[in-house]
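K.L.:
Can you look at this prediction? I've put the sequence above it.
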Amino acid sequence: MRVKICGIVKPEQGVAIAKMGATALGFICVSTSKRYVTPAQIRAVSECLPLSVERIGVFAGSTREEICQVVEETNLTGVQLHGEESPEFCRSLRQVLAGVEIIKAVRVRSPATLEQTRAYTDWVDTLLLDAYHPQMLGGTGKTLEWSSLQQFQPSRPWLLAGGLTPDNILEALHLLRPDGIDLSSGVERAPGDKDLAKVAKLFANLKKI
């Protein structure tokens, strides 16, 4: 199972989390976020990571050109679109980012939201389901109603996000079988400051599955 820890800011924490078993680290490229990092900060973390660890940039409301520039500057292995990007935008990005994983995050507001994911599957590699919040794009600590996702079987791999913590991860994975999980606020002391004890507890619990 893929385990993505998002909102990495500090290089030493990124390295420690990768050593614990994270398969991917996420970097917030949205300037209004408390977890925002510059391309230089992303490079500082990435240079310390094994090549096997995926490096995902999280964008919302960015232009295609802005995303491509960050990818070029930081050598990201993936791009996560966490805003209101259309299927057409994903298609245009797919054309210029060959070899880079494109993840479309969907903030689930109702069952109809899940139906809308079908429009993206031709143009993205992976879907991510996050909890809806009217003011925040992610890192809200709010969980999804997991039971409502039990019939969700998209034609692309998908990641479960939204309020996951070391304490509730086993309950979530008892109900659902995502291809991966994505945690941010659930393993933090404060936005961007990861709690390595919580991360260690997460991986210890995942071994119980």
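P.N.:
Done, it's in.
K.L.:
Tell me which stretches of this structure form helices.
P.N.:
11-20, 39-46, 64-74, 87-96, 111-116, 169-175, 196-206 (DSSP state H).
K.L.:
so which of the ones you listed gets nearest Leu183?
P.N.:
Of all the helices of the chain, helix 196-206 sits nearest to Leu183, with 6.8 Å by Cβ to Cβ. Yep, even glycine has a C-beta here, placed from its N, CA and C like the rest.
K.L.:
So for the closest one, what gets flagged as buried?
P.N.:
Lys198, Val199, Ala200, Lys201, Leu202, Asn205, Leu206 (16 or more other Cβ atoms under 10 Å).
K.L.:
now Asp195, nearest residue through space, not along the chain?
P.N.:
Arg189 (4.8 Å; Cβ to Cβ, 6 or more residues apart in numbering).
K.L.:
Revised request: answer the last question for Arg43.
P.N.:
In space, Arg43 is closest to Thr74, 5.5 Å off (Cβ to Cβ, 6+ apart).
K.L.:
correct me, but the one you found touches Val45?
P.N.:
No - look at Thr74 against Val45 with Cβ atoms under 8 Å: they stay out of range, at 9.4 Å.
K.L.:
residues shared between the contacts of these two?
P.N.:
Residues touching both Thr74 and Val45 (Cβ atoms under 8 Å, 6 or more residues apart in numbering): Phe27, Arg55.
K.L.:
Ranking helices and strands of the chain by mean pLDDT, which lands last?
P.N.:
helix 111-116 (a mean of 85; mean pLDDT, DSSP states H and E).
K.L.:
hmm, who's touching it?
P.N.:
Val106, Arg107, Val108, Leu129, Tyr132, Ser148, Leu149, Phe152.
K.L.:
Check those residues for burial and list the buried ones.
P.N.:
Applying 16+ other Cβ under 10 Å to these flags Val106, Arg107, Val108, Leu129, Tyr132, Leu149, Phe152 as buried.
K.L.:
export these to a markdown table and tack on pLDDT and distance to Ser31?
P.N.:
Below are the buried ones among the contacts of helix 111-116 laid out as a markdown table (pLDDT from 0 to 100; distance: Cβ to Cβ, whole Å):
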| residue | pLDDT | distance to Ser31 |
| --- | --- | --- |
| Val106 | 94 | 22 |
| Arg107 | 90 | 19 |
| Val108 | 89 | 25 |
| Leu129 | 96 | 25 |
| Tyr132 | 61 | 22 |
| Leu149 | 92 | 31 |
| Phe152 | 93 | 32 |
